[in-house]
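*Asks:* coords please:
(2 chains)
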Amino acid sequence: MIEGFVALYIFMLAAFTGYEVISRVPVILHTPLMSGSNFVHGIVLVGAMVALGKADPGSSLELAIGFIGVILAAGNVVGGYVVTERMLEMFKSSKKNK
Amino acid sequence: MNTLIQIAYFSAAVLFILGLKRMSSPVTARDGIVWAGVGMGVAILITFFWDGMQNYLLMITAIAIGSGAAWVSGKRVPMTAMPEMIALYNGMGGGAAAAIGAVELLKGETHGFVVLGLAAIGGAIGAVSFSGSLVAFGKLRDLVKRGGLFPKDKQKQINIYVLGALAALGLFMVIGKPFVVVILAFFLLALAFGVIMTMPIGGADMPVLISLYNALTGLAVAFEGLVLDNAAMIIAGTVVGAAGTLLTQLMAKAMNRSLTNVLFSGLGTVETQISTEAMAGSMKAIEASDVAVMMAFAERVIIVPGYGMAVAQAQHKIWELAVLLEARGVKVKFAIHPVAGRMPGHMNVLLAEAGVPYDKIYDLEEINVEFPQADVALIIGANDVVNPDARTNKSSPIYGMPILDADKARNVIVIKRGRGTGFSGVENTLFYADNCRMLYGDGQKMASELIHGVKAL
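*Replies:* Just a heads-up that it's a prediction; the model follows:
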């Protein structure tokens, strides 16, 4: 376990970072950015992998839940990336045309 | 190996933040997602080498299933359906966080009190986000009907009761030895709460809701990161949680509604009291050819797109029309309400897809002073965001929401499929105004007819 207060510091600094990063976003990028941040919390896949990897192979309940967790998390990562990439691709091509 | 894992996670966290930063400017946005993607790839690959991991076959199968399904659906989905896809993928992330929480709780004995508490809180938030996002997805797809499960005046009480029960059950689970049955009951209740809370919300509040669930999933991921001692999850989750909360607030503010109002008042669930008879005047229809003449000889035209344009896929035709009008010397501008469509910036994305340059697109504050000078305001598939009731009628459910003052233009043309009320179920007095004419029909078909009409002149 990361020391209680260190965890709290990480939490606070990350919160400010998130707040600052998005506060300068023009409205035009709100949807792609929401989609992009949706992709970023796909990092949950890493946790889901560890949860499944460390699950007791004898407990089918742990395995089943862990398995579903990894499926869902992988969907979050790949879906989030594909959708965001497609949206931003549009921005690029529209700029080149004009 | 452990040091290597930590280095990889650290780089991933840095890349996520830089990626999000780059995504906040139109010029660098394209790189931003690639940076974040590289960070994600590194973090995922290194995780395979975590100490004492087992069940690799299951893990790889699950990753293949999840990413395969998401790849196919993500590539196939049309641009108009983006909002519900984001809701769906976001819900999956929440579900994954809940699953982590459940597995860690099942391992019970190895964890201390604080860790179990964090796992429970993160898991519950993730579960609520999961079922809530699925309901939001269903609503946007019209798979789920509008309206709550309970009478409107009871909704708030029921929300509080269920939340209270959830908290009590959670406390019992964490303090006592976590039994399997209790853990499952806890998560089922959290899932149910997500459904109960989301059902009555609809209409223009949907974007706010999706954004809120995005933030909640981030928070859930951060909590589970604390449980698993995973700094990358803590940082990425918290950054998304904070950014998502800010975005949610910005959206709620744009509609002049507080977040609690959005969550508990249930806009669009009740039939509005204003009957059609009470409206002064009537809706007056107009032909496309007349509109074409009106626009071709206008000096200033402002186009107001809404969700209807997205449904009809009319953005390309609308831009073609704008180019034609500009060639005739008409000044054309696009006015975008912050919550037009089903997501913030939804209209911007569609117009960008059609090739409309950024400098033709104006925000609410910039464009509202220009409506009184405009000869024609062409409203295509927008409804609530131009409803003057929001300014004048205190009994209207959308009273107080800032709107585009399209009604102040000399002529207002509304392209609309039928006479019914919009997505939110609120009657629009603009349609009955003297300077307003209705052009009934599908957005894309009508836009084509307008193009045809202008060309024929």
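*Asks:* Tell me where chain A has helices.
*Replies:* A:4-23, A:30-40, A:44-53, A:60-97 (DSSP state H).
*Asks:* Switch the ones you listed over to TSV; also include mean neighbour count and distance to B:P207.
*Replies:* From N, CA and C alone the C-beta is placed, and that goes for glycine too. Listed next are the helices of chain A as TSV, based on neighbours: other Cβ atoms under 10 Å in any protein chain shown; distance: least, Cβ to Cβ, whole Å:
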stretch	mean neighbour count	distance to B:P207
helix A:4-23	17	15
helix A:30-40	30	9
helix A:44-53	29	23
helix A:60-97	22	15
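*Asks:* wait, which of the ones you listed is closest to B:G225?
*Replies:* Closest to B:G225 of the helices of chain A, according to Cβ to Cβ: helix A:44-53, at 6.5 Å.
*Asks:* The closest one to helix A:60-97, inter-axis angle?
*Replies:* Helix A:44-53 runs at 160 degrees relative to helix A:60-97, counting by axes from the mean of the first three to the mean of the last three Cα atoms, to 10 degrees.
*Asks:* residue contacts, the closest residue to B:V128 other than its chain neighbours?
*Replies:* Among residues not flanking B:V128 along the chain, B:G194 sits closest, at 4.0 Å (Cβ to Cβ, 6 or more residues apart in numbering or on different chains). B:G194 makes contact with B:127-135 under the criterion Cβ atoms under 8 Å, 6 or more residues apart in numbering or on different chains.
*Asks:* show me where chain B has strands.
*Replies:* B:300-305, B:331-335, B:361-362, B:376-380, B:411-416, B:436-440 (DSSP state E).
*Asks:* so what pLDDT did the spatially most central residue of chain A get?
*Replies:* When Cα atoms, centre = their mean is applied to chain A, the residue found nearest the centroid is A:H41 (1.7 Å). If you check A:H41, the pLDDT there is 94.
*Asks:* That one and chain B, how far apart?
*Replies:* Separation of A:H41 from chain B (Cβ to the nearest Cβ, to the nearest Å): 5 Å.
*Asks:* who are the neighbours in contact with that residue?
*Replies:* Per Cβ under 8 Å, 6+ apart, neighbours of A:H41: A:76, B:90, B:93, B:214, B:217-218, B:221, B:236-237, B:240.
*Asks:* Dump the residues you listed into a markdown table; add pLDDT and distance to B:A8 as well.
*Replies:* Listed next are the contacts of A:H41 as a markdown table, based on pLDDT from 0 to 100; distance: Cβ to Cβ, whole Å:
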| residue | pLDDT | distance to B:A8 |
| --- | --- | --- |
| A:N76 | 96 | 20 |
| B:N90 | 95 | 25 |
| B:G93 | 96 | 20 |
| B:N214 | 94 | 25 |
| B:T217 | 96 | 23 |
| B:G218 | 96 | 21 |
| B:V221 | 96 | 18 |
| B:A236 | 94 | 13 |
| B:G237 | 95 | 17 |
| B:V240 | 94 | 20 |
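*Asks:* rewinding a little: make CSV out of the helices of chain A and add distance to B:L439.
*Replies:* Formatted as CSV, the helices of chain A follow (distance: least, Cβ to Cβ, whole Å):
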stretch, distance to B:L439
helix A:4-23, 38
helix A:30-40, 28
helix A:44-53, 47
helix A:60-97, 27
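*Asks:* Could you say which one of those comes nearest to B:I7?
*Replies:* Here helix A:44-53 is closest among those (Cβ to Cβ), at 14.3 Å.
*Asks:* do that closest one and chain B meet?
*Replies:* Yes - using Cβ under 8 Å from any Cβ of the partner chain, helix A:44-53 comes into contact with chain B via A:44-53.
*Asks:* Tell me, what's the model's pLDDT at residue 9?
*Replies:* Unless you meant another one, I'm taking chain A. At A:Y9, pLDDT is 89.
*Asks:* I was after chain B.
*Replies:* pLDDT, B:Y9: 93.
*Asks:* cool, B:I398 as well?
*Replies:* At B:I398, pLDDT is 76.
*Asks:* can you check B:V239 too?
*Replies:* pLDDT, B:V239: 94.
*Asks:* Look up the closest residue to it, ignoring the ones flanking it.
*Replies:* A:G18 (3.8 Å).
*Asks:* now B:L58
*Replies:* A:F67 (5.4 Å).
*Asks:* Would you confirm that the one you found contacts B:A64?
*Replies:* No - look at A:F67 against B:A64 with Cβ atoms under 8 Å: they stay out of range, at 11.9 Å.
*Asks:* Report the separation between B:N368 and A:V21.
*Replies:* As for B:N368, its distance to A:V21 is 29 Å (criterion: Cβ to Cβ, to the nearest Å).
*Asks:* Equivalent analysis for A:L13, please.
*Replies:* Taking Cβ to Cβ, one finds A:L13 at 12 Å from A:V21.
*Asks:* Same check on B:A296?
*Replies:* 45 Å.
*Asks:* for B:A119, same thing?
*Replies:* Counting by Cβ to Cβ, the gap from B:A119 to A:V21 is 28 Å.
*Asks:* Same check on B:L106?
*Replies:* Here B:L106 is placed at a distance of 36 Å from A:V21 (Cβ to Cβ).
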